[in-house]
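*Asks:* Model the structure of this input:
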Amino acid sequence: MDLKKPYTIDEQIKKLKDHGVVISDEAFARNVLQKVSYYRLSGYMLQYRLSTDSHEMIKGIRFEDIYTVYCFDEEIRSLLRQYIEKAEFFYKDLIGNKFAELKCQTPPYDQHYDVKNYYDKVGITKTLQNFTKEKSYYKDSAIVKHHFNKYADKMPVWVMLELMTCSSVSLFYHALYISDKNVIATQVGISTSTLENHLHALSVLRNKCSHGVRLYNSTMNPPVKFNKSFLRNNTAIRNDSLFAYILMLIKRLPSDDERKQLRDKLNRIVKKYEKDIDLNLIGFPQNYRELMYIKNLKNIT
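*Replies:* Have a look, this model is predicted:
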């Protein structure tokens with residue numbers, strides 16, 4: 001079967017009109033489509049379709065409506081990236097330092113390279129092999145050159161985790177013995193299974209935000225693990241929604257000040273677009289502002 005025929009910008013505008021999108025300012029639409037691909041924008045049209053198996057739009061949907069939702073999604077991703085980084089750095093540091101305390105106490109302090117120090121030996125082997133590729137992305141950095149020349153390309157576990165992707169850090173934690181996982185999880189006051197789930201979810205959110213993947217009107221996987229009583233008392237929360245992932249991120253930030261910053265900035269973005277977005281499509285319940293307050297976050301895990 002042939003792939004889809006490529007369309008010029010003018011043909012894309014015609015196609016949008018044929019589907020029922022109202023375009024009153026073609027110059028504006030053309031300018032947007034030169035910066036944001038038709039394919040990327042099409043994901044933000046899904047909510048406006050007459051049915052899931054039709055490309056026809058409900059009557060009166062304007063090109064500006066679609067682009068505004070795109071802009072909201074873009075601002076949310078940009079905001080979340082800033083705070084995902086803060087959480088990522090915190091957990092890289094915590095896991096690396098605690099593993100070093102637990103395992104790397106005798107010369108040559110390279111026990112993190114020995115699969116015997118992990119429960120999931122197959123998983124850690126793959127993670128360490130993948131790290132070799134990840135490390136090559138930094139081959140021109142002073143850190144990598146220094147350890148290559150002085151330590152035969154080996155590096156301390158805390159340096160290794162610093163260079164790992166968020167996904168690899170999640171897999172590294174997953175591979176640990178339960179007793180070692182527990183020492184780390186205890187530092188942040190949660191169970192090992194919850195921390196494992198949150199690290200996985202954090203890596204998924206990071207990848208989506210870094211690669212510009214649509215968050216609006218999307219289901220998130222894995223579902224975020226919350227306290228059962230919290231979910232029982234807040235039945236409107238879907239733990240596979242963007243809001244659930246945002247709650248997880250706020251909870252996993254290292255300080256109350258950072259939690260407040262993220263909450264306040266997020267509230268400002270939502271207020272800016274509240275007339276143009278459907279909060280249900282990102283899993284925001286009516287009391288979403290209240291749920292993000294620090295005193296209420298204590299009960300979610």
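
*Asks:* Pull out the buried positions in the least confident helix or strand in the chain by mean pLDDT.
*Replies:* Every helix and strand in the chain was compared by mean pLDDT, DSSP states H and E; the lowest is helix 142-150, with a mean of 84. By neighbour count with 16 or more other CB atoms under 10 Å, helix 142-150 contains the buried residues 144, 147. C-beta: built from backbone N, CA, C; applies to glycine.

*Asks:* Stretch 148-163 too?
*Replies:* Residues 155, 156, 157, 158, 159, 160, 161, 162, 163 are the ones in stretch 148-163 that count as buried (16+ other CB under 10 Å).

*Asks:* Save those as CSV, and put in secondary structure too.
*Replies:* Formatted as CSV, those follow (DSSP: H, G, I helix; E, B strand; the rest coil):
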residue, secondary structure
155, coil
156, coil
157, helix
158, helix
159, helix
160, helix
161, helix
162, helix
163, helix
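
*Asks:* Out of those residues, which comes closest to residue 30?
*Replies:* The closest of the buried residues of stretch 148-163 to residue 30 turns out to be residue 163 (CB to CB; 42.9 Å).

*Asks:* Let me see the confidence value for that closest one.
*Replies:* According to the prediction, residue 163 has pLDDT 93.

*Asks:* Residue 176 versus that one, what's the distance?
*Replies:* Applying CB to CB, to the nearest Å, the value for residue 163 to residue 176 is 19 Å.

*Asks:* can you check residue 112 too?
*Replies:* 10 Å.

*Asks:* Overlap of the contact sets of those two?
*Replies:* Taking CB atoms under 8 Å, 6 or more residues apart in numbering as the criterion, residue 112 and residue 176 both touch residue 99.

*Asks:* What helices and strands are in contact with the least confident helix or strand of the chain?
*Replies:* Using 3 or more CB pairs under 8 Å, 6 or more residues apart in numbering; DSSP states H and E, the elements in contact with helix 142-150 are helix 157-163.

*Asks:* List the contacts of the helix it packs on.
*Replies:* For helix 157-163, the external contacting residues (CB under 8 Å, 6+ apart) are 92-93, 95-97, 99-100, 103-104, 112, 131, 134-135, 138, 143-144, 147, 155, 169, 172.

*Asks:* Among the residues you listed, which lie within helices?
*Replies:* Within these, residues falling in helices by DSSP state H are 92-93, 95-97, 99-100, 103, 131, 134-135, 143-144, 147, 169, 172.
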